[in-house]
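>>> structure for this input, please:
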Amino acid sequence: MSLDIQKHLKSYLPQLSEQALFAFYEFKDDVIPSFLSEGNRFSLLLFVRPDNWDSLAEK
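Numbering: from 1, shown residues only. Here you go, the predicted structure:
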């Protein structure tokens, strides 16, 4: 993976993480898939609900 692509992917991670967090609050699934495409490159990220989600969600 080129440095340019890595830089772009890093710039998208905060938004993807925020969307995954929202999904954990709204859905019961323990794994949230996130599909990212940029040009002719595709990434699949899997966000896994933490084991201590219940204590985190109460805060």
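>>> just list the residues touching residue 25, thanks.
Residues near residue 25 by C-beta atoms under 8 Å, 6 or more residues apart in numbering: residue 57. C-beta here means a position set from N, CA and C on the backbone, and glycine is covered the same way.
>>> oh, I was asking about residue 44
33-36.
>>> let's see 7 Å
33, 35 (C-beta atoms under 7 Å, 6 or more residues apart in numbering).
>>> please, which helix or strand holds it?
Take DSSP states H and E as the rule and residue 44 turns out to sit in strand 41-48.
>>> that strand pairs with which strands?
strand 31-38 (antiparallel) (DSSP bridges).
>>> may I see the buried residues of the partner strand?
For strand 31-38, a neighbour-count test (16 or more other C-beta atoms under 10 Å) marks 32, 34 as buried.
>>> list the contacts of that strand.
So strand 31-38 is in contact with 8, 12, 16, 19-20, 23-24, 43-48, going by C-beta under 7 Å, 6+ apart.
>>> just flag the most distant two among these.
8 and 24 (24.8 Å; C-beta to C-beta).
>>> so can I have JSON lines of the contacts of strand 31-38 showing pLDDT?
Listed next are the contacts of strand 31-38 as JSON lines, based on pLDDT from 0 to 100:
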{"residue": "8", "pLDDT": "77"}
{"residue": "12", "pLDDT": "86"}
{"residue": "16", "pLDDT": "89"}
{"residue": "19", "pLDDT": "91"}
{"residue": "20", "pLDDT": "90"}
{"residue": "23", "pLDDT": "92"}
{"residue": "24", "pLDDT": "91"}
{"residue": "43", "pLDDT": "85"}
{"residue": "44", "pLDDT": "90"}
{"residue": "45", "pLDDT": "89"}
{"residue": "46", "pLDDT": "94"}
{"residue": "47", "pLDDT": "93"}
{"residue": "48", "pLDDT": "94"}
